[in-house]
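Colleague: fold the following and give me the result.
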Amino acid sequence: QVQLVESGGGLVQAGGSLRLSCAAPGRTFSGYSMGWFRQAPGKEREFVAAISRNTGNTYYADSVKGRCTISRDNAKNTVYLQMNSLKPEDTAVYYCNAGLLQGFLTRDLSRFASWGQGTQVTVSS
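Modeller: Numbering: from 1, shown residues only. Modelled structure (predicted):
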């Protein structure tokens, strides 16, 4: 089980950018696919983006495609989510996780044993 710590959230105006980071202190996650989910108030947690562990292929929700880029630095045990052209509807708590790629692609939250505290992203209009 990989312990993950998300950071980089904040308050930004619509059209702005943020880069989220997710680290695994003291652990390596090179053997895992990594990804991001988000949860807005009153809504279910939803898939945002994922990156495979071996090929580095990336996958995005339609709502963020073209605006977000997921990347990973295995040497630093860190995964990033660069978010551009932010919209008020992007406001949510963003969580990262590690696991099988299928878990991300099927949006099956039960495949993830634990979650970090997330990082709050607030986009003002």
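
Colleague: which residues are contacting stretch 20-27?
Modeller: With C-beta atoms under 8 Å, 6 or more residues apart in numbering as the test, stretch 20-27 has contacts from 2-9, 34, 36, 76-83, 94, 96, 98, 116, 119, 121. Just so you know, the C-beta spots here come from the backbone N, C-alpha and C atoms, and that holds for glycine as well.

Colleague: run through the protein and note the low-pLDDT ranges.
Modeller: Residues of the chain that meet the criterion pLDDT under 70 lie in 1-2.

Colleague: mind doing that once more with 50?
Modeller: Applying pLDDT under 50 to the chain flags no residue at all.

Colleague: helices of that one, start to end?
Modeller: Applying DSSP state H to the chain gives helices spanning 101-105.

Colleague: buried set for stretch 112-125?
Modeller: Within stretch 112-125, the residues that count as buried by 16 or more other C-beta atoms under 10 Å are 112, 116, 118, 119, 121, 123.

Colleague: measure residue 44 to residue 111 for me?
Modeller: Counting by C-beta to C-beta, to the nearest Å, the gap from residue 44 to residue 111 is 15 Å.

Colleague: revised request: answer the last question for residue 41.
Modeller: 24 Å.

Colleague: neighbour count: those two, which is higher?
Modeller: The residue with more neighbours, out of residue 41 and residue 111, is residue 111; 13 against 7, by other C-beta atoms under 10 Å.

Colleague: now residue 3: how far from residue 60?
Modeller: As judged by C-beta to C-beta, residue 3 and residue 60 stand 25 Å apart.
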